[in-house]
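Chemist: Got a predicted structure here, sequence first:
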2 protein chains.
Amino acid sequence: MASIKDVAARAGVSVATVSRVLNDHPSVSADARTRVLAAVEALGYRPNAVARSLRTDQTRTLGLVISDVMNPYFTELARSVEEEARALGYSVIIGNADERPDLQDHHVTTLLDRRIDGLLVSPTDGGSPRMLDAARTGTPMVFVDRWIPGVDVPVVRSDGRGAVRDLVAHLYGLGHRRLAIIAGPAATTTGRERVDAFREALGAYGLALPDAYIGQGDFQADSGRRVTEGFLDLAEPPEVVFAADNLMALGALDAVRARGLRVPDDIALAAFDDIPWFVHTDPPVTAVAQPTRELGRAAVRALVDRVEGRPGASVTLPARLVVRRSCGEPTPPQSPSPVRRSTS
Amino acid sequence: MASIKDVAARAGVSVATVSRVLNDHPSVSADARTRVLAAVEALGYRPNAVARSLRTDQTRTLGLVISDVMNPYFTELARSVEEEARALGYSVIIGNADERPDLQDHHVTTLLDRRIDGLLVSPTDGGSPRMLDAARTGTPMVFVDRWIPGVDVPVVRSDGRGAVRDLVAHLYGLGHRRLAIIAGPAATTTGRERVDAFREALGAYGLALPDAYIGQGDFQADSGRRVTEGFLDLAEPPEVVFAADNLMALGALDAVRARGLRVPDDIALAAFDDIPWFVHTDPPVTAVAQPTRELGRAAVRALVDRVEGRPGASVTLPARLVVRRSCGEPTPPQSPSPVRRSTS
DNA sequence: ATCCTCCGTGTAATCGATTCCACGAGGAGG
DNA sequence: CCTCCTCGTGGAATCGATTACACGGAGGAT
């Protein structure tokens, strides 16, 4: 592969001049410039990014460590991150932690070894040693979706409180009183927050959230299945199951179906994180939708701000409720329409 | 960030010795080794992968350029690729082409600029200039899922012929005679092959595949919707729509539902590429399942073989049919059971 | 005792870029 | 005509590693 020396030789100039042309530095004569460009063309030369990074101490690369690529929410997040990064002249390297702290640490380590300019993380747990280290030693860093309390790093996330309140109002309006939640891991902020928001919203209607109605999941489908089975085995099973992510909702759907029960007739279901597939499930699933694209863009902008020496602030965007049929009869249409009988 | 020099100074040895310890070269005294290790520990030193890559001319990184990350099939492929690569001591950088040749080229270029050791590609089109160039100039490369005829690069893919034959048999057995297909882009091998396999299988039952029953899609949901609407507008609409990928199947499902029609009663639906969500759609979708995980692993193994100087062979794995309810009455169980009436 | 080997170590070249500094030519100003 | 800038250019240092080569000392063989 041709190097800058080959180009210099062919153009009859020094490597310094070639470098200047490549980085369009002003003081190069028009003549030299054309000769260099011709040589570059002829040799199909492309600068070696590795060498360039070593010298300039910047890779124009961002690292993104997410909890689980197979989760459509994170896939979409990753996509929007890459899009925005590309627009800003950066590449992104994705590390999939698969909800495993050890894997998360592995990716943070290799990313740091590669001297990425900045790190975007959606932490799987309370914070692995390497990550905390990176945050402390000043690697530009931004948390997205989930974060770690007490670590001084901007956080880009969405606030689901409003949407969860809307959800509970919707459920209450449909006559549901026994509401259960499949929580995410307590080590994650989203795992805790969603339970808190749910409990708080319930409180506004004078409803409690008994421990038996809080199932411990891990954001994976299997745990949703397991927890739901537990709910169904209760002497007084809940009327609604609210899954703290889409994968656990899928597991819940499985469990309900495996018992020969139907959603929403026998038990209602709602989920955090809306995804395209929820439109097509049987029945379509009511969900709290995060502004995923905007989250990704905002996170990249905050990170690049930090990388380039600007402040880089935290951002919180509101989530919103998307009502479908998995919790019962949809709300009646606004326009005049035939009277509907309640399903209760 | 500490460099090898700092470690050398602290351990009271030369950088050469430090390097030897790090790469566990045999000729280092036990004493020097412990002192170096202690210094490494104390400084929290991690070798700079950029510098190392420049010197050794290898990055231990693989590039993966896929057509569309949002497609669960490719997400799963990407995941298994990363897994296998990690097991073999490599990292992978994913480039999402979004079915756009220009984006594909962008990613191939930046990947090559970074001097990745090998490239895994699922080409979006007939082959962008940079990619063809890379193949010609000897960059270790392997095609996965899709490939480009005439380019001398190993191909790891799955053969859907058998499964498509099974699908047609299934459909024929259900009494369906007018079968249509939503094809992928003709520029992709999978786009063409799936149509060919379908036509061939139809031929075995004396069925033709008229042009009107071949809709041109682009592997995205929208095109599936559009094509399906076209089919439904036909004077004699097909009884079955076979989508050449899962996203177009989703679009087809949308289109059918938007007309107030039902699957499979009014029109049957089948898809290429099985995904977890197909179990939960209304109705569950019959699909041709590729051995995605194995494909990813095999592709990485073939690529790493090439990277490390071994031959690196093509691999073709069979796909299989997964029957669900979207094409009509499921096949009767094997065990003795009441006689069933045909749905025809 | 002498010579040869082998082992552990350090010096320095190298990878491919960027960039500081020096230098020569040419133009402007005195 | 001389001096001083400015401009374009090249030489060389540098980034942080790896590794060929040289060298000194210890130990074995004769």
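Modeler: Everything's here; your move.
Chemist: Flag every residue of the stretch 1-150 of chain A that's near DNA strand D.
Modeler: Within the stretch 1-150 of chain A, the positions lying close to DNA strand D (CB under 7 Å from any atom of the strand) are A:12-17, A:20, A:26-29, A:31-32, A:51, A:54-55, A:57. (Glycine included, C-beta is placed from N, CA and C.)
Chemist: Quick check on the residues you listed: which are buried?
Modeler: By neighbour count, with 16 or more other CB atoms under 10 Å in any protein chain shown, these hold A:13, A:17, A:20, A:28, A:32, A:51, A:54 as buried.
Chemist: name the element the closest residue to the first one other than its chain neighbours belongs to?
Modeler: Across the structure, with CB to CB, 6 or more residues apart in numbering or on different chains as the measure, the residue nearest residue A:13 apart from its sequence neighbours is residue A:32 (5.5 Å). Element membership for residue A:32 (DSSP states H and E) is helix A:30-43.
Chemist: So which residues make contact with whichever helix or strand comes after that helix?
Modeler: The C-terminal neighbour of helix A:30-43 among helices and strands, as given by DSSP H and E, is helix A:49-56. The contact list for helix A:49-56 (CB atoms under 8 Å, 6 or more residues apart in numbering or on different chains) reads A:59-60, A:115, B:48, B:50-51, B:53-54, B:59, B:110, B:113-115.
Chemist: Now do the contacts for residue A:171.
Modeler: Counting by CB under 8 Å, 6+ apart, residue A:171 touches A:179, A:240, A:268, A:270, A:327.
Chemist: Show me which of the contacts of helix A:49-56 is closest to residue B:228.
Modeler: Proximity of the contacts of helix A:49-56 to residue B:228 (CB to CB) peaks at residue B:110, which lies at 37.1 Å.
Chemist: what's the neighbour count on the closest one?
Modeler: If you count neighbours by other CB atoms under 10 Å in any protein chain shown, residue B:110 ends up with 20.
Chemist: That one against residue A:91, yeah?
Modeler: Yes - between residue B:110 and residue A:91 there is a contact at 5.6 Å, judged by CB atoms under 8 Å.
Chemist: So which residues on the stretch 101-250 of chain A come close to chain B?
Modeler: A:106, A:109-110, A:112-115, A:133, A:137, A:221, A:250 (CB under 8 Å from any CB of the partner chain).
Chemist: Check the gap between residue A:152 and residue A:136 for me.
Modeler: Distance, residue A:152 to residue A:136, by CB to CB, to the nearest Å: 9 Å.
Chemist: just residue A:240 next, same as before
Modeler: Look at residue A:240 and residue A:136: by CB to CB, they are 43 Å apart.
Chemist: Tabulate the contacts of helix A:49-56 in TSV, adding columns for pLDDT.
Modeler: Putting the contacts of helix A:49-56 into TSV (pLDDT from 0 to 100) gives the following:
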residue	pLDDT
A:59	97
A:60	97
A:115	96
B:48	97
B:50	97
B:51	97
B:53	97
B:54	97
B:59	97
B:110	95
B:113	96
B:114	96
B:115	96
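Chemist: which of residue A:240 and residue A:136 has more neighbours?
Modeler: residue A:240 (26 against 11).
Chemist: surely that one meets residue A:268?
Modeler: Yes - taking contacts as CB under 8 Å, residue A:240 lies within contact range of residue A:268: 4.2 Å.
Chemist: where do the contact lists of the two overlap?
Modeler: A:171, A:176, A:327.
Chemist: Among those, which are located in helices?
Modeler: residue A:171 (DSSP state H).
Chemist: give me the subset of the shared contacts of residue A:240 and residue A:268 touching DNA strand C.
Modeler: When contact is defined as CB under 7 Å from any atom of the strand, the shared contacts of residue A:240 and residue A:268 do not meet DNA strand C at all.
Chemist: Turn the shared contacts of residue A:240 and residue A:268 into a markdown table, including pLDDT.
Modeler: Output for those, formatted as a markdown table (pLDDT from 0 to 100):
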| residue | pLDDT |
| --- | --- |
| A:171 | 95 |
| A:176 | 95 |
| A:327 | 93 |
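Chemist: nearest to DNA strand C, of the shared contacts of residue A:240 and residue A:268?
Modeler: Nearest to DNA strand C among those is residue A:327, at 57.8 Å by CB to the nearest atom of the strand.
Chemist: what residues are up against that closest one?
Modeler: Going by CB under 8 Å, 6+ apart, residue A:327 touches A:170-171, A:174, A:176, A:240, A:264, A:268-270, A:286.
Chemist: The residue lying closest to it once chain neighbours are set aside and residue A:326: what is the separation?
Modeler: Distance criterion CB to CB, 6+ apart; nearest residue to residue A:327, sequence neighbours excluded, is residue A:268 at 4.2 Å. Applying CB to CB, the value for residue A:268 to residue A:326 is 6 Å.
Chemist: Briefly note if the helix or strand encompassing residue A:5 comes near chain B.
Modeler: Counting by DSSP H and E, the secondary-structure element that holds residue A:5 is helix A:4-11. No - using CB under 8 Å from any CB, helix A:4-11 stays clear of chain B, with a minimum separation of 13.0 Å.
Chemist: what is the orientation angle of the next helix or strand after that helix with helix A:30-43?
Modeler: Downstream of helix A:4-11, the first helix or strand assigned by DSSP H and E is helix A:15-22. Between helix A:15-22 and helix A:30-43, the angle comes out at 90 degrees (axes from the mean of the first three to the mean of the last three CA atoms, to 10 degrees).
Chemist: re the thing from before, among the residues of the stretch 101-250 of chain A next to chain B, which ones are buried?
Modeler: Buried by 16+ other CB under 10 Å: A:106, A:109-110, A:112, A:114-115, A:221, A:250, out of these.
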